[in-house]
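Undergrad: Pasting a predicted model and its sequence here:
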Amino acid sequence: MLDFIQSLSDGVLFGATYALIGIGFTLVFGVMHKLNLSYAAASVGGAYCGLLVLKVFAGAPPLAVFFCAFLAGGLLGYIVYLACFHFIPISNPLATLMATVGMLLLVDEVIVHQTDGMPLNYPALFDDVMLRAGEFTLRGDLLMVFVVSILCMAGLLALLYRTRLGLATRAVSQQAVAAQLCGIRVGQVNAMTFVITGLLGGIAGAMIGASVGTLSPLLTTPLTIKGLIVTVIGGLGSIPGAIVAGLLVGGFESVLQQYRGVTERDLYVMLLLFVFLVFRPGGLFAPKEGRD
Amino acid sequence: MDFYFGLAQIIGVHTLLGLSAYIVLLTGQVSMAQAGFFAVGAYAAGMLTVLAGWAILPALAASSLLGAAVACAVGFPALRVKGLMLVIATLAFGEAVRLFFFNFDYQVARGGVKLGPLGGEGFRQIRYFPENGWTTMQVMLFIWIFVVLVMAILWWLDRSRYGAVLRAVGEDELAAQSVGINLTAVKVSAMTIGGAIAGLGGGIYAHYTTHIEHASFGILLATFALAYPILGGLGSVFGTVVAAIFVQGFLVEGLRFLGDWRNLLFGALIVLAMNLRPKGFLDAPTLRWIRRVFGGKRGAA
Amino acid sequence: MKKIALKGITAAVALAFAAGGALAQEKTIKIAGFGAKSGVVRSFGINSEAAMLAAADQINKAGGVALADGSKAKIKIDYYDDRCTAEEGISVARRMAGTDALVGVGPTCSNVAEPLFGILQKKAGDASDSGLQFPIFSDVAIKGGLARISEWSFRNVPNEMTMYSSMFYWLKQKHPEMKTVFGGVEEDFAHSRATWYVVMKDRAAANGYTIAGETKWLLADTNFATQVREMKKANADVVAISAHPFSTCGVLKEMQRQGVKPKLLVGLTSTSSLETMQGCAKQAEGMMIPTSFAPVNKEGKAAADATAKFKGSADLHSMAAWENMFILKQVMESEKISGNPKDVQADRRKIRDGLAKLKVTKGLLGDTKRTEDREADKPYLFVQAKGGNWVVLHNPL
């Protein structure tokens, strides 16, 4: 029983990183009804950019690295918007999808060229803290990631529901044409959405780097898949859904690993996902009325 | 010269992969399961020629049928979901197939050597072509006979009533349904044809590389299956061929002289291509132009 | 001032002509290198290419390769990127075979070597087999038993069986108090998987260790809590990790968090590189690995320095590429290849036969025995991570 609780809590805490990536996917999908497959790669790219701080000021505190990753993530988000969304007509969802795949490959390869593909050490906060209760342990750094992702969600919801930008974003996501008729610059709102998700991605990348301890381009594909899974389980466009789904996926994965071993773990995760989607196509928190 | 024949072999195999996604895309479904059907075909054909001692043609026929059967079985449940949900559902299925082969051991001793798939270590020595003395050119021609055959069938389907039905479903499901089209039948049949093509392509692939392992059939391959028809354009089967030549012939092999820049340009040129040709290389105006120039009287069609 | 410049230019032009004239008469021999220069294994390709270029440079400066007609030829290296994929590896092999390259050195990844050796002719000279007839002399791809696939495939990679056998034997003598071994294996990568199940586990048991258990993870995994807990429960004296640097680092960091401190850490051969030190130098401290190269003698240091000039780092893999160049030079000279473009296929066959004949080759650490199935039995030593570097712990030879 202790094993079960332990692996569940390990997994759920680690799921916070999946949730962070899932929020980004879901936000872009919610606003533009399009998929940005390069999101996880750009997030990891942002985290790599954070390491530049250490090159300039050796011994800079981890927070400075995270902050730099945050900014770089926003910039990368804007670049992705320009490269994959701005010039491609809205009626071509497949073209934007493929462009983001190209972007994913490009970001990956740029990272590889800069680092020769070698894993890099990533600084962390509270990585030496272990909360203990008898045999039971909780990782301090993962608790921090957990708190950060809750804060991000709160910030994002505040942005969406308390600011004019958020109002415009929601308007565009509900009816782009009507929003345009009301005088909202749809292009600008879309670009802002990308910058915001990019900033978020930068944090997510940094948190993932911090909780794994090392960064490698190997991370991008699994994170992309996890992010997509979290997005659909949570319900497209639902931010609280993405958080719940992220924790759920993390927990599931960890428990299955405990009882079925690593070679079968992903097999069961994928089969469960398939069955889940077939029987509950809307996800956990399905939006009331989808346009799709 | 052998090098170019070899390259043509790869392009042929990838064209088949792309065509398997093409027909599914026509109905508006984005399927990431094609790499899974491809893997099923590869393992099936490899096991039939190496372990059961079959000739290549019946083995490919079997792999193609198996691919179709699996696709059909997946088609029914998967097509309950739409849009992004379908992308993820099929992706989950494709990954599950890959992970099945990751856990799949079936080895038989042949002449003191154990042959057959061995989990994560893969399946080696699928050497039907070289063992029977086929030259690179012969293999290339063999592959392209299938490619041309499949293209001809798809081209003909496209011009038939069935093709019109496929595209109608792709354009607007609701409208198609309202004129009495059976959505499930159309989608599942397209998926099945796609599965057959992918199974065939996979069977050829296994004999082309002589060694297959689960890692070759991952998300990247599934993405490329979609990339060919999207890059090439959904207007015509020829788009997929053009895109396979563009990716394998130009981006991968043609840019080799650029050294390290080749890898960076790979992604960048895909982004650029989609910005410049959002409807694919062979979009409607280009196709019209081609028909006008080459088609003569059929230009009006 | 002007005069000097003018003189300089004249001299340069004259020199260029002289060099051009000399080049026109000089024969060149092409050796093709190939490996991964993209993706996460890019550093392997860069290092191998640098080592090959450095070795060629050294051979050329010493006069080059003696040909059958008594003339000397310079070596030219072409390096191809195979992106660590089967299809590109096959394309590259066909491309190399289409040029006048006499032999290929590579690849990086075992999953490229498998299909590549598969398209080669299985038995040399078998007319019924239409496989490619091109000798390949691998430097990096290390998965056990690959060269058996074709008679045109040769390898100069360390024999993990011998190395780990010897290491566990030495450990038993040196630290008799250590009794149990726990294994951690990266399950979805052919090399790491085979090394644990076939090599480490078997050799540890053969040397009197009790296997206290094993745990598995995947190449791109990020959360190792469950696995490390199993490791903690087993409480073994030795923890052997058969994984590549990225997941090795992840596991080591999790071990630190959970406070798992075995008496000794053992790692996978390929982990004894710069990568591990970049990812987790602090946590890898004390890890012991058998390797077939460390700059311990004069030749080794010189090779490492020469490679560094071509912007590569010397490790067990890149130095195998270095050794291959000198072995190939020796074979070309002893087999009396003609070096004429029209004799390319005959020369390739001569090189193949020459490589097959070798019983012993010179390596940087000493003599390497060649086995019947075209593999190498390389000398080795044990290194240990200390303060961000790999230092030699013991030289068993």
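TA: That came through fine. Just so you know, these numbers come straight off a predicted model, no measurement behind them. Numbers count the residues shown, from 1 in each chain, chains lettered A, B, ... in the order given.
Undergrad: name the element the residue in chain C positioned nearest to chain B belongs to?
TA: Distances from chain C to chain B, computed as Cβ to the nearest Cβ, single out residue C:118 as the nearest residue at 3.0 Å. Heads up, the C-betas are built off the backbone N, CA and C, glycines and all. Element membership of residue C:118 [criterion: DSSP states H and E] is helix C:110-119.
Undergrad: Now tell me what touches that helix from outside.
TA: By Cβ atoms under 8 Å, 6 or more residues apart in numbering or on different chains, the residues outside helix C:110-119 that reach it are B:122, B:124-127, B:130, B:209-211, B:213, B:215-216, C:36, C:82, C:84-86, C:88-90, C:93, C:106-107, C:131-132, C:136, C:138, C:141-143, C:146-147, C:149-150, C:152-153, C:190-191.
Undergrad: Past it, which element shows up next along the chain?
TA: For helix C:110-119, the succeeding helix or strand toward the C-terminus, using DSSP H and E, is strand C:136-138.
Undergrad: Contacts for that following strand, please.
TA: By Cβ under 8 Å, 6+ apart, the list of residues contacting strand C:136-138 from outside reads C:93, C:103-107, C:113, C:116-117, C:120, C:146-147, C:152-157, C:324, C:327-328, C:355.
Undergrad: Which neighbouring elements make contact with the helix or strand following that strand?
TA: On the C-terminal side of strand C:136-138, the closest following helix or strand by DSSP H and E is strand C:153-155. The criterion is 3 or more Cβ pairs under 8 Å, 6 or more residues apart in numbering or on different chains; DSSP states H and E, and the helices and strands that strand C:153-155 contacts are helix C:110-119, strand C:136-138.
Undergrad: any idea how far strand C:153-155 is from the chain center?
TA: For strand C:153-155, the gap between its own C-alpha mean and the chain's C-alpha mean amounts to 12 Å (Cα atoms, centre = their mean, to the nearest Å).
Undergrad: tell me which parts of the stretch 1-150 of chain A are close to chain B?
TA: Applying the criterion Cβ under 8 Å from any Cβ of the partner chain, the portion of the stretch 1-150 of chain A that neighbours chain B consists of A:29, A:35, A:83-84, A:87-89, A:92, A:94-99, A:101-110, A:112-113.
Undergrad: Cross-check those against chain C and keep the overlap.
TA: Among the residues of the stretch 1-150 of chain A next to chain B, proximity to chain C is found for A:108-109, A:112-113 (Cβ under 8 Å from any Cβ).
Undergrad: who wins for most neighbours among those residues?
TA: Sorting those by how many neighbours each has (other Cβ atoms under 10 Å in any protein chain shown) puts residue A:108 first, at 26 neighbours.
Undergrad: Isn't that residue up against residue B:267?
TA: Yes - in this structure, residue A:108 is within contact of residue B:267 by Cβ atoms under 8 Å, at 7.5 Å.
Undergrad: so how far is residue A:14 from residue A:265?
TA: According to Cβ to Cβ, to the nearest Å, residue A:265 stands 13 Å off from residue A:14.
Undergrad: next one: residue B:44
TA: In this structure, residue B:44 and residue A:14 are 37 Å apart, going by Cβ to Cβ.
Undergrad: neighbour count winner among these two?
TA: Per other Cβ under 10 Å, whichever of residue B:44 and residue A:14 has more neighbours is residue A:14, with 26 against 23.
Undergrad: what pLDDT does the more buried one get?
TA: According to the model's per-residue confidence, residue A:14 sits at a pLDDT of 86.
Undergrad: cool, residue C:68 as well?
TA: Reported pLDDT at residue C:68 in the predicted model: 91.
Undergrad: got the contact list for it?
TA: Contacts of residue C:68 were listed using Cβ under 8 Å, 6+ apart, and they are C:336-339.
Undergrad: Would you list the buried entries among those?
TA: C:337-339 (16 or more other Cβ atoms under 10 Å in any protein chain shown).
Undergrad: Quick check: longest helix in chain B by residues?
TA: Counting residues, the longest helix in chain B under DSSP state H turns out to be helix B:183-209.
Undergrad: Go through it and flag the buried ones.
TA: Using 16+ other Cβ under 10 Å as the burial criterion, the residues of helix B:183-209 that qualify are B:186-209.
Undergrad: any residue of the next helix or strand after it up close to chain A?
TA: Under the assignment DSSP H and E, the closest C-terminal helix or strand after helix B:183-209 is helix B:219-232. Yes - remark: helix B:219-232 sits within contact range of chain A at B:219-220, B:223, B:226-227, B:230-231, by Cβ under 8 Å from any Cβ.
Undergrad: Chain C next: which of the buried residues of helix B:183-209 are close?
TA: Checking the buried residues of helix B:183-209 against chain C by Cβ under 8 Å from any Cβ, the ones in range are B:208-209.
Undergrad: any chance you could map the helices in the chain?
TA: Looking at chain A here, since you left the chain open. Read by DSSP H, chain A holds these helices, from start to end of the chain: A:2-32, A:39-50, A:52-56, A:62-81, A:93-115, A:140-162, A:164-174, A:176-181, A:186-212, A:220-234, A:239-260, A:262-279.
Undergrad: Switch to chain C, please.
TA: Along chain C, the stretches classed as helices by DSSP H are C:2-25, C:42-61, C:86-98, C:110-119, C:160-174, C:190-194, C:201-206, C:225-234, C:245-258, C:274-284, C:298-309, C:316-334, C:344-357.
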